[in-house]
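> build me a structure from this.
(chains A and B)
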Amino acid sequence: AQSVTQLGSHVSVSEGALVLLRCNYSSSVPPYLFWYVQYPNQGLQLLLKYTSAATLVKGINGFEAEFKKSETSFHLTKPSAHMSDAAEYFCAVSLNAGGFKTIFGAGTRLFVKA
Amino acid sequence: KAGVTQTPRYLIKTRGQQVTLSCSPISGHRSVSWYQQTPGQGLQFLFEYFSETQRNKGNFPGRFSGRQFSNSRSEMNVSTLELGDSALYLCASSLNPPVDTIYFGEGSWLTVV
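Predicted coordinates for the structure are as follows:
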């Protein structure tokens, strides 16, 4: 069965520090992987996506993620956190196996300290 | 171009009632999918429609249903509402998922009292 696991429901970093949000997936078919960000009372905004073109994917707002097949991971990073990065982040895998569906991780809330 | 539009944004219903939520996808997108977001269960897939056909369905009871019209607009309906149905319902559209990006609307906040 396909699943997505995000390690750490809450992550706190200082402004200017490295952001690392972890995501592991399991999939029986080649996955499409995504990171979304959700600000309070808003829908989801796509940060970046992996569609098998390149293992290192660059997204918006300085975020990037690396697809590691051997580790079944797709961790999200940003070299220097900004206060405006405080939000909830979701890793997701989209599949086309008997019909399209997207499976989301439980989410990681990022706190940025001044 | 306009994004995914969901109406209504907020609504309050009483247990036992039914509710219909509407979603207008981005122009040209034929795939519309629905998700339920709650603090306890996170984001869960409800169903996906493509060109008026339901292609996949999540693990929700039959009280949850949907449809898609010829103009790609979609509606989802929840009958016999329960307190546990209180959630943010998100609609997303895409040209050809999962290859193409899935764009989300702002969601419809449903409170069941």
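
> who does the worst-scoring helix or strand of chain A on mean pLDDT pair with, and is each partner parallel or antiparallel?
Least confident helix or strand, chain A: strand A:100-104 with a mean of 85, by mean pLDDT, DSSP states H and E. Strand A:100-104 has these partner strands in its sheet, going by DSSP bridges: strand A:87-96 (antiparallel).

> quick one: average pLDDT of the partner strand?
The average pLDDT within strand A:87-96 is 90.

> distance from the chain centre to that strand, please.
Mean-position distance between strand A:87-96 and its chain equals 6 Å (Cα atoms, centre = their mean, to the nearest Å).

> residue A:61 falls within a strand, correct?
No: looking at residue A:61 with DSSP: H, G, I helix; E, B strand; the rest coil, it is helix, so not inside a strand.

> make sure it is actually in contact with residue A:47.
Yes: Residue A:61 is in contact with residue A:47 according to Cβ atoms under 8 Å; the separation is 7.1 Å. In short, each C-beta sits where N, CA and C put it, glycine included.

> among those two, which residue is more densely surrounded?
Neighbours per residue (other Cβ atoms under 10 Å in any protein chain shown) separate residue A:61 from residue A:47, with residue A:47 holding more: 24 against 12.

> got the contact list for residue 17?
You didn't pick a chain, so chain A it is. Counting by Cβ atoms under 8 Å, 6 or more residues apart in numbering or on different chains, residue A:17 touches A:80, A:81.

> that answer is for a different chain, and I need it for chain B
Going by Cβ under 8 Å, 6+ apart, residue B:17 touches residue B:81.

> that one and chain A: what is the separation?
24 Å (Cβ to the nearest Cβ, to the nearest Å).

> doesn't that residue fall inside a strand?
No: assessed with three-state DSSP, residue B:17 is coil; it does not lie in a strand.
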